[in-house]
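1. sequence first, then the predicted structure, then my questions.
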Amino acid sequence: MSDSRPIDTANNNNKGRVIVDWAQVPDDDIRYDTDNEEEVMRAKEEQAQLEAKRAEREKAEAKRAAWEAEEERVRKEGEKHRAEEEKEAK
């Protein structure tokens, strides 16, 4: 199973195709063909890998946001300190 793959829709002319981004579908909503255990295991493995990548991206984003917040805090503190020094110099 890939991130996006076409699947047939159930219409009268059977020409309908739809693209599903499987990374956006919760694992509980995916119905596996239980007759093919190997396919089920591959699909679950791929889903686990996608979740691990998502978690890694979220962790990196949180780390970047924390770094930016710290940089902003340091910048504001520096501005406050300079303003106090200027005020004392007058």
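-> Looks like it arrived, so ask away.
2. for the strand or helix carrying residue 59, packing partners?
-> Assigned by DSSP states H and E, residue 59 belongs to helix 37-89. Taking 3 or more Cβ pairs under 8 Å, 6 or more residues apart in numbering; DSSP states H and E as contact, there are no helices or strands that helix 37-89 lies on. The way it works is simple: take the backbone N, C-alpha and C, and place the C-beta from them, glycine included.
3. average pLDDT across that helix?
-> Mean pLDDT, helix 37-89: 91.
4. show me what contacts residue 38?
-> Not one residue lies near residue 38 by Cβ atoms under 8 Å, 6 or more residues apart in numbering.
5. from residue 48, how far off is it?
-> 16 Å (Cβ to Cβ, to the nearest Å).
6. what residues does stretch 83-90 touch?
-> Against stretch 83-90 from outside (Cβ under 8 Å, 6+ apart): no residues.
7. may I see the buried residues of that stretch?
-> Across stretch 83-90, burial judged by 16 or more other Cβ atoms under 10 Å covers no residue at all.
8. do stretch 67-74 as well
-> Going by 16+ other Cβ under 10 Å, stretch 67-74 has no buried residues at all.
9. over to stretch 52-67?
-> Buried, per 16+ other Cβ under 10 Å, within stretch 52-67: nothing.
10. please could you give me each C-alpha atom of that stretch, formatted as PDB?
-> C-alpha atoms of stretch 52-67 as PDB (Å, rounded to 0.1, in the frame of the first residue of the first chain):
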ATOM      1  CA  ALA A  52       6.800   6.800  12.900                       C
ATOM      2  CA  LYS A  53       7.700   9.300  10.200                       C
ATOM      3  CA  ARG A  54       4.800  11.500  11.300                       C
ATOM      4  CA  ALA A  55       5.900  11.400  14.900                       C
ATOM      5  CA  GLU A  56       9.500  12.200  13.900                       C
ATOM      6  CA  ARG A  57       8.300  15.200  11.900                       C
ATOM      7  CA  GLU A  58       6.100  16.400  14.800                       C
ATOM      8  CA  LYS A  59       9.100  16.000  17.200                       C
ATOM      9  CA  ALA A  60      11.300  18.000  14.900                       C
ATOM     10  CA  GLU A  61       8.700  20.700  14.600                       C
ATOM     11  CA  ALA A  62       8.200  20.900  18.300                       C
ATOM     12  CA  LYS A  63      12.000  21.100  18.800                       C
ATOM     13  CA  ARG A  64      12.200  23.900  16.200                       C
ATOM     14  CA  ALA A  65       9.300  25.800  17.800                       C
ATOM     15  CA  ALA A  66      11.000  25.500  21.200                       C
ATOM     16  CA  TRP A  67      14.200  26.800  19.800                       C
END
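11. no further questions, thank you.
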